[in-house]
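sharing a model that was predicted from the sequence below.
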Amino acid sequence: MPSSEGSKEATVSGQGTVRLPRREDASRVAELYHQLGYRVSRREVLRRLEEIEQNEHHVGFVAESSHGEIVGFVHAYLRLLIESGLRAEVGGLIVDEEYRRTGIGRLLMETAEQWARDRGCWAVHLRSNVVREGARVFYEKIGYTVIKKQQVFQKVL
């Protein structure tokens, strides 16, 4: 859906392909979010994917299995801070439970990292809930380190 610049399809040892999302992927992306406990509808996912498509500072990628099933999704966006400059932030990474530990998550992250490099980012940051121990192990395995612990605050508008 977003600009295809810097987002050529990538494959991992026969496991599948990473590509930009299409409208028809919205239902499956919603199902993937449900696996992590987020209740988001197909309609909401579709609307947000369309918003991402229109925003050059955001990108989404889906991982498609060799059988054509959507088995993963990553959302990344640019973040410019006065104190640290331009970096990318991963807004979400999800790999279907049946496809974890197959290289799909690594491929999605490598694709997001290349997107960030292509835009001049010096780093990629992400946040992961402390209860997701498997996610922490995965991120450390692919080269990420914990740089701080913090509280997250929200005010509903």
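That came through, no problem.

alpha carbons only for contacts and neighbour counts from here, please
OK.

Arg28 - that's part of a helix, no?
Yes: judged by DSSP: H, G, I helix; E, B strand; the rest coil, Arg28 forms part of a helix.

tell me which residues touch it, please.
The neighbourhood of Arg28, defined by CA atoms under 8 Å, 6 or more residues apart in numbering, consists of Arg42, Ile70.

what do you get for the one 4 residues further on?
The neighbourhood of Leu32, defined by CA under 8 Å, 6+ apart, consists of Val71, Gly72, Phe73, Ile94, Val95, Asp96.

return the closest of the residues you listed with respect to Ala26.
Relative to Ala26, the closest of those is Phe73; by CA to CA it sits at 10.6 Å.

the bottom helix or strand of the protein by mean pLDDT?
The helix or strand of the chain with the lowest confidence, counting by mean pLDDT, DSSP states H and E, is strand 10-11 at a mean of 53.

got the CA positions of the following helix or strand past it in CSV?
Next helix or strand after strand 10-11 toward the C-terminus (DSSP states H and E): strand 16-19. The C-alpha trace of strand 16-19 is given here as CSV (Å, rounded to 0.1, in the frame of the first residue of the first chain):
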residue,chain,number,x,y,z
GLY,A,16,7.7,-16.8,2.5
THR,A,17,7.8,-13.2,1.2
VAL,A,18,7.6,-9.8,2.7
ARG,A,19,5.6,-7.2,0.8
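
give me the below-cutoff pLDDT ranges for the protein.
For the chain, the stretches with pLDDT under 70 are 1-15.

which helix in it has the most residues?
The longest helix of the chain (DSSP state H) is helix 104-118.

and the very next helix or strand once past it, what does it pack against?
Downstream of helix 104-118, the next assigned helix or strand under DSSP H and E is strand 124-126. Packed against strand 124-126 by the contact rule (3 or more CA pairs under 8 Å, 6 or more residues apart in numbering; DSSP states H and E) you find strand 85-95.

what's next to the strand it packs on, contact-wise?
32-33, 36, 71-80, 104-105, 108, 112, 116, 120-127.

hmm, back to that, can you name every helix or strand that the longest helix of the chain contacts?
strand 10-11, strand 16-19, strand 58-65, strand 70-81, strand 85-95.

ok, 6 Å please
Other helices and strands packing on helix 104-118, by 3 or more CA pairs under 6 Å, 6 or more residues apart in numbering; DSSP states H and E, are absent; none qualifies.

CA atoms of that helix as PDB?
Output of helix 104-118 as PDB, limited to C-alpha atoms (Å, rounded to 0.1, in the frame of the first residue of the first chain):
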ATOM      1  CA  ILE A 104       9.600 -14.600   9.600                       C
ATOM      2  CA  GLY A 105      10.000 -12.200  12.500                       C
ATOM      3  CA  ARG A 106      13.600 -11.600  11.700                       C
ATOM      4  CA  LEU A 107      12.800 -11.000   8.000                       C
ATOM      5  CA  LEU A 108      10.000  -8.500   8.900                       C
ATOM      6  CA  MET A 109      12.400  -6.700  11.200                       C
ATOM      7  CA  GLU A 110      15.200  -6.600   8.600                       C
ATOM      8  CA  THR A 111      12.800  -5.200   6.100                       C
ATOM      9  CA  ALA A 112      11.700  -2.400   8.500                       C
ATOM     10  CA  GLU A 113      15.400  -1.700   9.400                       C
ATOM     11  CA  GLN A 114      16.300  -1.300   5.700                       C
ATOM     12  CA  TRP A 115      13.300   1.000   5.300                       C
ATOM     13  CA  ALA A 116      14.700   3.100   8.200                       C
ATOM     14  CA  ARG A 117      18.200   3.100   6.800                       C
ATOM     15  CA  ASP A 118      16.900   4.200   3.400                       C
END
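
alright, I will stop here.
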